[in-house]
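Engineer: Test case, fold it:
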Amino acid sequence: MKIGLTMCAFAMAAALLPAVARADDPNDPTMRSAAARARDRAIIKRMNQQQLAYVRARDARMQRSYRVADSDREAYAEARADYARQMSAWRRAVAACNAGHYEYCD
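Structural biologist: Below you'll find the predicted structure:
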């Protein structure tokens with residue numbers, strides 16, 4: 001029981017401690033030459049540029065979908081206003097019919 005509690009406390013403490021993250025291992029023997037580091041920088045730069053192109057294309061697609069959504073909202077608002085006008089006219093006709101103006105009772 002005491003060992004389990006100790007292990008649990010150790011696991012919680014390890015989870016709460018900040019971890020050191022390194023992009024490269026400074027002791028990596030393949031990165032000792034300037035040419036290898038330049039090659040690595042070029043690869044990372046190419047990957048970053050590809051990711052940037054992907055994000056820009058994604059954002060452009062999303063922007064187009066927002067424009068479609070905006071036009072859909074405008075069409076909906078217009079249809080809703082038209083419906084409100086028709087209902088208002090219908091309510092006036094019902095009130096006139098109930099008031100004895102039988103020409104509105106169609």
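Engineer: what helix or strand is the residue nearest the centre of the chain on?
Structural biologist: Closest residue to the average C-alpha location of the chain: residue 62 at 9.1 Å, with CA atoms, centre = their mean. In the assignment (DSSP states H and E), residue 62 maps to helix 34-98.
Engineer: what's the spacing between that helix and its chain's center?
Structural biologist: 11 Å (CA atoms, centre = their mean, to the nearest Å).
Engineer: So for it, mean pLDDT?
Structural biologist: Averaged over helix 34-98, pLDDT sits at 92.
Engineer: so what does it touch, helix or strand wise?
Structural biologist: Helices and strands touching helix 34-98, by 3 or more CB pairs under 8 Å, 6 or more residues apart in numbering; DSSP states H and E: there are none. For the C-beta atoms, the positions are set from N, CA and C on the backbone; glycine is no exception.
Engineer: ok, residue 37 to residue 51 distance?
Structural biologist: 21 Å (CB to CB, to the nearest Å).
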